[in-house]
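Peer 1: just coords:
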C-alpha cells in the first residue's frame, strides 16, 4: 500500500484533506529519527552518541513521535497543495490522527481554508442608489457660529442662581453602588455642559433647576451594556452639589474672530475658506458614498463565502487601527495570532465587508487584466501628499516607501479600479442632508 491523499469540498473555501499512510512508512521515519537523535544525545551513564537506540526510542518516544507526525502531515499537505493547486490562507487544522482499527494504516484528517476565487459578474454599469449632499450657504453660518463659541469666553451667570440648559455647571459628585462610593469628582469638581449630551443624559437633566450649593440626590440604573463594565447593570445613586454656574459668551462674528482663527485674515476671507473646505469635504463624502453604493450592489449581486482566518486577520488589523496600545499588548502576551473572540461582535461585520471588498477588487482587476501605469502611481502618491499637506518626500517617508511599495501600489490600483467602477455605474443620487462639519 502506498500513501493516499484525497480531498473533500467542505464548503466554497474549506477543504478536508484525508491522508492514509502505511504503518511501515511511519516506522521507517520513526527509526530514522531515533538514529538521528542518538548521534546527538547526551544521557547520563552513556558516552555522547553511544546511547542504545532502544533507550533513545523509550526516552524520547513522545517527542520523536510528534516530530514524525508533523513531518508526514507537512509532506502530505504540500503534496495536496501542489497536486490540487490549493491556495491556502493559514496553517491547516489537524482534526484527527490515528492508526485505524487494525493499526496497519496511519490516518490523518486535516482541514484547510482557501483564498476565495469567485467569478464576479455584471459589475460594469451596475445600478444603485447613493446618498449625496449639496453645499449650502447655511454651512458657512453654522461654522461661524461654532467658531464664535470656540473662541468665546466664560463668565459667571448673573441674575439667577439655578442651572438651566446651556450652562456650564461645576459639579461635585459622588456615585454610590451598594452604599459604597465607586466614583467621585476631584476637589476641583467636574465641569458639565448641561444639555450637551457629553455626560449621562439623566445626570445633565437632574442638574437643571439646581441652585448653587444645593445638594441633590437621584438614582440611576446603569444599562447592561454600559461602556464601563464594573458599572454595567448596577443600580447607582448620585449625590451632587453645584458650586459654580457659568455661561459661554460667543465671540463676535467679525474681523476679530477671523484674525483669532488665522492672523491677518478678514471675515470675508474666513467665509471663503469655510466654504471651500466644506465643498471639498462634501465632495470627498459624496465620492465615498457613490463608491460604497456601487460596491454594495456588486457584493449583493455576487455573494461568496470568505474564510474565518481572513476575517480574523482583518479584525486584528481593525483592533490595531482603533486600539493600538491594546493590540500591541495582546501581541506581546499571546502572539500575533491572538484570539479575536472578544472583538468579533464589534468588528466582525466590518471585517467581513473589508475582506469581501478586497477580494472583489482583486478579482475584477485580474479578470480585466487591469494594470496601474507608472503615471497613475505617481499621481496617487502626489494626491496623498497634497491631501495631507505634506511634501512628497515626507509623505513617502510616512507611507513607508520604498519598503511598502508593493502593498501601496496594490492600494493605488484598487483605487483606480474603484473609480472606473463608479464612473461606469448607473447611480441614482439621493439628496441627503449633512452637518456643516462634514
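Peer 2: Sure, I can see it. What you see is a predicted model; the values in this text were computed from it and never measured.
Peer 1: Give me the distance between the residue nearest the centre of the chain and residue 247.
Peer 2: Computing the C-alpha centroid of the chain and ranking residues by Cα atoms, centre = their mean puts residue 318 first, at 1.5 Å. According to Cβ to Cβ, to the nearest Å, residue 318 stands 41 Å off from residue 247. C-beta coordinates here come from the backbone N, C-alpha and C atoms, glycine included.
Peer 1: likewise residue 173?
Peer 2: In terms of Cβ to Cβ, residue 173 sits 21 Å off from residue 247.
Peer 1: Residue 296 too?
Peer 2: Distance, residue 296 to residue 247, using Cβ to Cβ: 46 Å.
Peer 1: for residue 228, same thing?
Peer 2: 30 Å.
Peer 1: next one: residue 133
Peer 2: For residue 133, the distance to residue 247 - Cβ to Cβ - is 33 Å.
Peer 1: Neighbour count: the two, which is higher?
Peer 2: residue 133 (20 against 15; other Cβ atoms under 10 Å).
Peer 1: The more buried one and residue 433 touch, don't they?
Peer 2: Yes: using Cβ atoms under 8 Å, residue 133 is in contact with residue 433, at 6.7 Å.
Peer 1: hang on, the earlier thing: burial of the residue nearest to the residue nearest to the centre of the chain when sequence neighbours are not counted, as a residue count?
Peer 2: Distances taken as Cβ to Cβ, 6 or more residues apart in numbering place residue 347 nearest to residue 318, at 4.5 Å, with adjacent residues excluded. By other Cβ under 10 Å, 20 other residues sit near residue 347.
Peer 1: tell me the contacts of residue 347?
Peer 2: Going by Cβ atoms under 8 Å, 6 or more residues apart in numbering, residue 347 touches 315, 318-319, 340.
Peer 1: between these, which is closest to residue 40?
Peer 2: residue 340 (40.0 Å; Cβ to Cβ).
Peer 1: Could you double-check that that closest one sits in contact with residue 318?
Peer 2: No: applying Cβ under 8 Å as the test, residue 340 and residue 318 come out as separate, 9.3 Å apart.
Peer 1: ok, residue 190 - contacts?
Peer 2: 170-173.
Peer 1: measure stretch 94-106 end to end?
Peer 2: 13 Å (Cα to Cα, to the nearest Å).
Peer 1: Next, the buried residues of it.
Peer 2: Under the neighbour-count criterion of 16 or more other Cβ atoms under 10 Å, stretch 94-106 has 105-106 buried.
Peer 1: So residue 231 versus residue 148, what's the distance?
Peer 2: From residue 231 to residue 148 the distance is 37 Å (Cβ to Cβ).
Peer 1: contacting residues around residue 230?
Peer 2: Contacts of residue 230 by Cβ under 8 Å, 6+ apart are residue 182.
Peer 1: The chain should start at 505 in everything you say after this.
Peer 2: All right, first residue 505 from here; so that's residue 734.
Peer 1: Now do the phi/psi pair for it.
Peer 2: With angles defined as degrees, to the nearest 10, residue 734 sits at phi -60, psi -20.
Peer 1: One more: residue 672?
Peer 2: Dihedral angles for residue 672 - degrees, to the nearest 10 - are phi -110, psi 110.
Peer 1: helix or strand right after the helix or strand hosting residue 658?
Peer 2: Using DSSP states H and E, residue 658 falls within strand 657-660. Following strand 657-660 in sequence order, the next helix or strand is strand 672-681 (DSSP H and E).
Peer 1: Strand partners (parallel or antiparallel) of that following strand?
Peer 2: strand 684-688 (antiparallel), strand 694-697 (antiparallel), strand 739-753 (antiparallel) (DSSP bridges).
Peer 1: what does the average pLDDT come to for the last one?
Peer 2: Summarised as a single mean, pLDDT over strand 739-753 is 95.
Peer 1: One more: the shortest one?
Peer 2: The pLDDT scores in strand 694-697 average 94.
Peer 1: Tell me which residues of that strand come out buried.
Peer 2: Buried, per 16+ other Cβ under 10 Å, within strand 694-697: 696-697.
Peer 1: now that strand, how far from the centre of its chain.
Peer 2: In terms of Cα atoms, centre = their mean, to the nearest Å, the centre of strand 694-697 is found 32 Å from the chain centre.
Peer 1: thinking again about what came up before, tabulate the contacts of residue 694 in a markdown table, adding columns for pLDDT, distance to residue 864 and neighbour count.
Peer 2: Formatted as a markdown table, the contacts of residue 694 follow (pLDDT from 0 to 100; distance: Cβ to Cβ, whole Å; neighbours: other Cβ atoms under 10 Å):
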| residue | pLDDT | distance to residue 864 | neighbour count |
| --- | --- | --- | --- |
| 674 | 95 | 54 | 17 |
| 675 | 95 | 51 | 24 |
| 676 | 96 | 56 | 19 |
| 677 | 96 | 52 | 19 |
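Peer 1: from those residues, which single one is nearest residue 660?
Peer 2: The closest of those to residue 660 turns out to be residue 674 (Cβ to Cβ; 10.3 Å).
Peer 1: With adjacent residues omitted, what lies nearest to the closest one?
Peer 2: residue 748 (4.0 Å).
Peer 1: number of nearby residues for that neighbour?
Peer 2: With other Cβ under 10 Å as criterion, residue 748 counts 16.
Peer 1: can you pull out the helices in the stretch 705-854 of the chain?
Peer 2: 705-711, 759-765, 771-805, 812-826, 828-838, 848-871 (DSSP state H, counting those that start in this stretch).
Peer 1: got JSON lines for those, with distance to residue 559 too?
Peer 2: Listed next are the helices of the stretch 705-854 of the chain as JSON lines, based on distance: least, Cβ to Cβ, whole Å:
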{"stretch": "helix 705-711", "distance to residue 559": "74"}
{"stretch": "helix 759-765", "distance to residue 559": "84"}
{"stretch": "helix 771-805", "distance to residue 559": "62"}
{"stretch": "helix 812-826", "distance to residue 559": "42"}
{"stretch": "helix 828-838", "distance to residue 559": "38"}
{"stretch": "helix 848-871", "distance to residue 559": "49"}
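Peer 1: I'd like to know which of these is closest to residue 589.
Peer 2: Closest among these, using Cβ to Cβ: helix 848-871, at 15.4 Å.
Peer 1: Please point out which parts of that closest one sit buried.
Peer 2: For helix 848-871, the neighbour count (16+ other Cβ under 10 Å) marks 851-852, 855-869 as buried.
Peer 1: Likewise for stretch 656-669?
Peer 2: So for stretch 656-669, counting by 16+ other Cβ under 10 Å, buried means 661, 666-668.
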